[in-house]
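1. After the sequence you'll find the predicted model.
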Amino acid sequence: MTLSKRAAFTAVGIAMAAIAIIQLVPFYAATTTALKPRTDLSSQLLLPSDGIFWGNFETALTDGHIGRAILNSVIITGISTALVCLLGAMAAYPLARRRTRLNKGIFMGTLAIIMIPPLSILVPLYSFLNKLEAINTYWGIIAVMVTTELPLAIFLYASFMRTIPGSLEEAATVDGANIFQVLFRIVFPLLKPVTATVIILVGVRVWNEYALSVYILTDPAVQTIAPAIGSFFSTQSSNLGAAAAASLMAVAPVLIAYLFLQKYFMKGMVAGAEK
């Protein structure tokens, strides 16, 4: 390796380390703040001087009802993500395998839907859900989340399926498999990388969704984590430790899920561009 290449690799490494530090500083500051009592007025970048204080997490659970909000988010995010993965894969299969003019038009229309901001349809959406008595219900917000996230899932699945050789499905058909057997036994098992990508992207978007949830879920009993955190922040603006503790509790499930799925994430993101 020449000197210029070594210098280039060193510069890239230093730049990546700097970016990582910049990204981790807010998380570090939130952690140190959450572990300090209100009486500790030291810098947020300093560790607790009198030992770890867990009272902020207790305050977030009792006063902010963060535990209940996390449970609601787990239920809504889990069901929504599972439905998006299943329906997205099934809808993408004919779009990837039968490239007719109609399917091309549907695919382009799906891409166009991704560009539409969900807030632009808030008023008619709320009116429609209110007529269905779906406000403050799990199934109402799940239906909205699935509808808004399906276009992205269809795009990712269709792009990935185009890289799978059609000969595998032809061989299964010759052996007597029907379309559903081909889909569930041959195609679906090959979709692990892109499914991990869909789970991460859709799961994070549903978990962090605030703009629609704050209007659709006004009852604290069914509120998800984003509106609950917003309400808690407004009442605990003077207690930064409790607010930071609530934020850490909200981000922990997403962070854990990403750590388990990260090895598939990049595979799914680039698989559609391999050919």
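-> The structure has been received and is ready for your questions. Keep in mind it's a predicted model, so treat the numbers as computed, not measured.
2. so where's the stretch 101-250 of the chain uncertain?
-> 236-238 (pLDDT under 70).
3. Break down it into its helices, ranges please.
-> Taking DSSP state H, counting those that start in this stretch to define them, one finds helices in the stretch 101-250 of the chain at 101-114, 122-131, 138-161, 166-174, 179-181, 192-207, 213-216, 225-235, 240-271.
4. Which of those helices sits closest to residue 64?
-> Smallest distance to residue 64 across these (Cβ to Cβ): 3.7 Å, for helix 225-235. Heads up, the C-betas are built off the backbone N, CA and C, glycines and all.
5. Taking helix 192-207 as reference, get the angle to the closest one.
-> Angular relation of helix 225-235 and helix 192-207 on a 0 to 180 degree scale: 30 degrees, by axes from the mean of the first three to the mean of the last three Cα atoms, to 10 degrees.
6. i'd like the first residue to be 35 from this point on
-> Yep, numbering from 35; the last one is helix 259-269 now.
7. Give me the distance from helix 259-269 to the chain's centre.
-> 19 Å (Cα atoms, centre = their mean, to the nearest Å).
8. Buried residues, that helix. List them.
-> 259, 260, 261, 262, 263, 265, 266, 267 (16 or more other Cβ atoms under 10 Å).
9. Can you redo these as TSV, where the extra columns are distance to residue 158?
-> As requested, these are exported to TSV (distance: Cβ to Cβ, whole Å):
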residue	distance to residue 158
259	26
260	22
261	21
262	26
263	28
265	26
266	30
267	30
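10. any idea which of those residues is closest to residue 163?
-> For the buried residues of helix 259-269, the nearest to residue 163 is residue 261 (15.8 Å; Cβ to Cβ).
11. If we ignore the residues flanking it in sequence, what's nearest that closest one?
-> Leaving out its chain neighbours, the residue that sits closest to residue 261 by Cβ to Cβ, 6 or more residues apart in numbering is residue 248, at 4.6 Å.
12. contacting residues for residue 171?
-> Counting by Cβ atoms under 8 Å, 6 or more residues apart in numbering, residue 171 touches residue 256.
13. Got phi/psi on it?
-> Per-residue torsions, residue 171: phi -130, psi 150 (degrees, to the nearest 10).
14. Tell me the pLDDT of residue 103.
-> pLDDT, residue 103: 88.
15. how much space between the residue nearest in space to the middle of the chain and residue 82?
-> What sits nearest the mean C-alpha location of the chain, by Cα atoms, centre = their mean, is residue 238, with 1.6 Å. Distance, residue 238 to residue 82, by Cβ to Cβ, to the nearest Å: 30 Å.
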